[in-house]
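Peer 1: structure here, sequence nowhere to be found:
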């Protein structure tokens, strides 16, 4: 028996060795970079410039060679971006693992909702780096550091405009207390914040995550938001969470709240967010994501607002690679060969 595993994203020699060591039946084909030309031709230029390695153009091999590799693959290890027609070209494909933690990335291609089992690296991504980013964003506006840019532009200090907050004793609401959200809560509590959070599915008998004083369901969100000084959006993007933070919920938040989004842009109604900023309801907003981030720049009304800090999806980056995608893949590959359940299988109805 041979199981053909096709890697369509670049992997290191060490990662290759780890995958091949799982079992002698594994036949790993490393096609990292081979599909760059197809991605360049089918993805928006903004995505290509942001995510493809510099100097990549046509990729490698011929279309016929790439089609043959896909046709023989039983398992594919992929990433972002990816060929949008994988299901159509891989008739033997049984399992696809994508290295990113989010499931919504795959909505653009024909794997979404298909008969192929798809897994993600949920819970094993760069959770600590993203949590540190969220806390840094909160501190940026809580301490009034955004004012320093304005003062430098004006050439003088406006001392009274800073209005720094004391972090200790303030309430932080974490929306989506999964891998990222739990780390946000832990770090927030270490700074003396009272941390509350929500999860899609509550486990009443489970102990509270480290640092959390309360955990609620989606039904508790409005009540939690009304009493929070800081809000961190860390949940998955699904039909249920589209525009979860809308005009009504923004209005229900305390005046002067700081909102951070490290999840997906579609979870926050950007028009409502711009209006809340315009009327001075928010102290600041930190967005590492925005609607259409793979196609164009941020909305101008938000990008030019000094109370909005927008970055290009870099919250997971750091000087240390702690992303556990290959660990999850190897664990799942062993389970796949043994006929055991896999971790992080996407439920198409749930959306992650």
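Peer 2: Yep, it's here. Please read these numbers as outputs of a predicted model, since none were measured by experiment. Numbering: from 1, shown residues only.
Peer 1: just checking, what packs against the biggest helix by length in the chain?
Peer 2: Longest helix in the chain, counting residues (DSSP state H): helix 127-142. Where contact means 3 or more Cβ pairs under 8 Å, 6 or more residues apart in numbering; DSSP states H and E, helix 127-142 is packed against helix 179-190, strand 230-233, strand 257-261, strand 282-287, strand 308-310. Backbone N, C-alpha and C define where each C-beta goes, glycine included.
Peer 1: count of residues packed around residue 157?
Peer 2: Residues within reach of residue 157, counting by other Cβ atoms under 10 Å, total 13.
Peer 1: so what's it up against?
Peer 2: By Cβ atoms under 8 Å, 6 or more residues apart in numbering, the contact set of residue 157 is residue 151.
Peer 1: host element of the closest residue to residue 324 other than its chain neighbours?
Peer 2: Distance criterion Cβ to Cβ, 6 or more residues apart in numbering; nearest residue to residue 324, sequence neighbours excluded, is residue 124 at 3.2 Å. Secondary structure from DSSP states H and E places residue 124 outside every helix and strand.
Peer 1: just the pLDDT for residue 124.
Peer 2: Looking at residue 124, its pLDDT reads 85.
Peer 1: now do the SS call for residue 61.
Peer 2: coil (DSSP: H, G, I helix; E, B strand; the rest coil).
Peer 1: surely it is in contact with residue 34?
Peer 2: Yes - under the criterion of Cβ atoms under 8 Å, residue 61 makes contact with residue 34 at 5.3 Å.
Peer 1: tell me, how many residues neighbour residue 225?
Peer 2: 21.
Peer 1: list the contacts of it.
Peer 2: Residues near residue 225 by Cβ under 8 Å, 6+ apart: 173, 231, 249, 252-253.
Peer 1: output those residues as JSON lines; include the columns neighbour count, secondary structure and pLDDT.
Peer 2: Formatted as JSON lines, these follow (neighbours: other Cβ atoms under 10 Å; DSSP: H, G, I helix; E, B strand; the rest coil; pLDDT from 0 to 100):
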{"residue": "173", "neighbour count": "30", "secondary structure": "strand", "pLDDT": "98"}
{"residue": "231", "neighbour count": "26", "secondary structure": "strand", "pLDDT": "98"}
{"residue": "249", "neighbour count": "19", "secondary structure": "helix", "pLDDT": "98"}
{"residue": "252", "neighbour count": "13", "secondary structure": "helix", "pLDDT": "94"}
{"residue": "253", "neighbour count": "22", "secondary structure": "coil", "pLDDT": "97"}
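Peer 1: from those, which is closest to residue 240?
Peer 2: Using Cβ to Cβ, residue 249 comes nearest to residue 240 of the contacts of residue 225, at 13.9 Å.
Peer 1: OK, contacts around the closest one?
Peer 2: By Cβ under 8 Å, 6+ apart, residue 249 lies in contact with 221-222, 225.
Peer 1: and residue 131, by the same measure?
Peer 2: Contacts of residue 131 (Cβ under 8 Å, 6+ apart): 180, 183-184, 186-187.
Peer 1: quick one: which of those is nearest residue 1?
Peer 2: residue 180 (38.3 Å).
Peer 1: and the contacts of residue 131 as CSV, adding pLDDT and distance to residue 95?
Peer 2: Below are the contacts of residue 131 laid out as CSV (pLDDT from 0 to 100; distance: Cβ to Cβ, whole Å):
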residue, pLDDT, distance to residue 95
180, 96, 25
183, 98, 28
184, 98, 31
186, 98, 33
187, 98, 35
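Peer 1: ok, so of those, who is nearest residue 77?
Peer 2: Within those, proximity to residue 77 (Cβ to Cβ) peaks at residue 180, which comes in at 22.5 Å.
Peer 1: the bottom helix or strand of the chain by mean pLDDT?
Peer 2: Taking mean pLDDT, DSSP states H and E as the measure, the chain has helix 45-51 as its least confident helix or strand, at a mean of 88.
Peer 1: next structured bit after that helix?
Peer 2: Following helix 45-51 toward the C-terminus (DSSP H and E): helix 63-72.
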